[in-house]
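K.L.:
Could you work out the structure for the sequence below:
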Amino acid sequence: MTTTPVSQGPDQDGSTGAPRATRAGGLLPADPVLRLATVLTAVNSLGNGLYFPLGVLYFTRVVGLDATAVGLGLTAAGLVGVAAGVPAGRAADRWGARRVGALLWGGTGVATAAYTLVHSYAGFLVAVICATALQMASRGVQGALYADVLPAATRVEARAYLRMVTNVGMGVGGVLGAVALQLDTRGAYLTVIALNALSFAGPALLLPRMPLAAHARERAALDAGAPAADRWRAVRDLPFLAVTVLNAVLVVQYTLAEVGLPLWIVERTEAPRWTAAMLMIVNCVLVALLQVRVARRASRVPSAVRAMGWAGLLLAAACTVYALSAGLSPVWAVLSLTAGAVVQVFAEVLSAAGGWTLGYELADARAHGVYQGVFGAGMSAGMMAGPALVTVTAIAHGTLGWAVLGVVFAAAGLAVAPAVRWAQQDGAWRGEPA
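P.N.:
Prediction:
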């Protein structure tokens, strides 16, 4: 079974002549594979959005665990999840991304459901480590899955579209989760946990039904006898690892919005507390509006490199604007923070699109699983390190800290260009032709 070809005509805005992955077929994309991926993503992100506002509160208020102990447990679970990314990717290369992805999502659902049975700290550790490790390991496998089931020419745009769907699903789920949070009863918490578990276990049953794209079937036939040693190439591909690290640095921006800004607003500015929630809404809306359009312009290696460079510079500019909000009146502080958040959104959509393109195009196409596992592990590591990095720079040292953070972002973005040239000159660039 093959995928239905997407439209090959020029974009309506005339920007490129590349195929379009997301032409609407009713409320969903016309491409049947992307349509199925959209449904799975919407269901899962809705469940995650439901759980996100009250996950920690369940373990502290309902189960009765110490908040610090819960934080340490979540950190430990995250470390295990980072380490699990590469072996999961290798498993996807060996047994197929669809099969391994289904097992990981299904396992995450079972482990999440086990939260309802937790009555001790030991039980919490077992459940949260299993759930977090399986969920984080699935990130790289999802990248390999998209490489297998989506046409190479449109998969970056398709990922941008799915990210938009994720934002919408998380937002809707967050609103419903806030209702459960307001009820603040054991039954409400358990219902949300059960729904989140189903959002993993249900879609897992449909993953194996996603048909392989033509290029994936051809590659499987040609590379069936490839030496096993080549399958671990990503862990010793130094240029690819360099790009992975630089992308991980730019990924810190996500925790900047989720952790750094709320702390900065409360501790260092005169802006009202609701500003943090407003900035998150601004971010979600603008990402949903811009991500697909930006991805179309960063779907080749040269344009992806430029996108990453601009992302680093824009993040540095956002840090500067955030720093200026300290000491301003409440109104001007809100305006300054909003301006910085808008600048950061442009950096976010550029770096996301550029990262997807480089993660695919710099990979050995015969081993997308382990390559995407490495790239996904780098992103997970960046998100884990982000809160500490933002806290010890911007929150602890104010304007000087923001300046240091801005320099780090700008340097990482600009360093992508020489790292990619190294990858191409070293002969490690063996992905799909650009």
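K.L.:
Next, the contact list for the residue nearest to Pro330 when sequence neighbours are not counted, please.
P.N.:
In space, and not counting its chain neighbours, Pro330 is closest to Glu270: 4.7 Å by CB to CB, 6 or more residues apart in numbering. C-betas here are computed from N, CA, C, even on glycine. Each residue near Glu270 by CB atoms under 8 Å, 6 or more residues apart in numbering is listed here: 327-330, 333.
K.L.:
which SS class is Glu270?
P.N.:
Put simply, Glu270 is coil when judged by DSSP: H, G, I helix; E, B strand; the rest coil.
K.L.:
May I have the phi/psi pair for it?
P.N.:
phi -90, psi 0 (degrees, to the nearest 10).
K.L.:
gap between it and Leu256?
P.N.:
20 Å (CB to CB, to the nearest Å).
K.L.:
need the helices for the stretch 301-434 of the chain, in chain order.
P.N.:
301-324, 330-361, 368-390, 396-425 (DSSP state H, counting those that start in this stretch).
K.L.:
any idea which of those helices is most buried?
P.N.:
With neighbours taken as mean count of other CB atoms under 10 Å, those reach their highest mean count in helix 368-390, at a mean of 24.
K.L.:
was I right about Asn48 contacting Asn196?
P.N.:
Yes - when contacts are counted by CB atoms under 8 Å, Asn48 is listed as touching Asn196 (6.6 Å).
K.L.:
who has more neighbours, the two?
P.N.:
Per other CB atoms under 10 Å, whichever of Asn48 and Asn196 has more neighbours is Asn196, with 27 against 21.
K.L.:
That one contacts Gly47, doesn't it?
P.N.:
Yes - using CB under 8 Å, Asn196 makes contact with Gly47 at a distance of 4.1 Å.
K.L.:
Grab the nearest non-local neighbour of Met280.
P.N.:
Per CB to CB, 6+ apart, closest to Met280 is Ala257, 7.0 Å.
K.L.:
Look at that neighbour and say how many residues are nearby.
P.N.:
21.
K.L.:
List the contacts of it.
P.N.:
279-280, 283, 341, 344.
K.L.:
Taking these, tell me the two that lie furthest apart.
P.N.:
Using CB to CB, the contacts of Ala257 span at most 11.6 Å, a distance reached by Met280 and Gln344.
K.L.:
What distance do you get for Ala295 to Cys284?
P.N.:
17 Å.
K.L.:
Which one's more surrounded, those two?
P.N.:
Ala295 (30 against 18).
K.L.:
Per-residue pLDDT of that one, please?
P.N.:
Reported pLDDT at Ala295 in the predicted model: 91.
K.L.:
Can you list phi and psi of it for me?
P.N.:
Torsion angles, degrees, to the nearest 10, at Ala295: phi -60, psi -30.
K.L.:
burial measure for the residue lying closest to it once chain neighbours are set aside, as a count.
P.N.:
Of all residues not flanking Ala295 in the chain, Ala160 sits nearest, at 3.4 Å (CB to CB, 6+ apart). Neighbourhood size, Ala160 [other CB under 10 Å]: 26.
K.L.:
which SSE is Ala160 in?
P.N.:
Secondary structure from DSSP states H and E places Ala160 in helix 155-183.
K.L.:
Show me what that helix is packed against.
P.N.:
Counting by 3 or more CB pairs under 8 Å, 6 or more residues apart in numbering; DSSP states H and E, the packing neighbours recorded for helix 155-183 are helix 32-51, helix 121-149, helix 186-204, helix 275-296, helix 330-361.
K.L.:
Show me which residues of that helix are buried.
P.N.:
155-171, 173-174, 177, 180-181 (16 or more other CB atoms under 10 Å).
K.L.:
cool, and stretch 57-74?
P.N.:
So stretch 57-74, judged by 16+ other CB under 10 Å, has buried residues 58-59, 62-63, 65, 70, 73-74.
K.L.:
how about low-confidence regions in the stretch 201-350 of the chain?
P.N.:
213-232 (pLDDT under 70).
K.L.:
make it 90
P.N.:
201-237, 255-263, 266-268, 273-285, 287-289, 296, 299, 327 (pLDDT under 90).
K.L.:
What residue in this structure is the furthest from its centre?
P.N.:
Ser329 (35.1 Å; CA atoms, centre = their mean).
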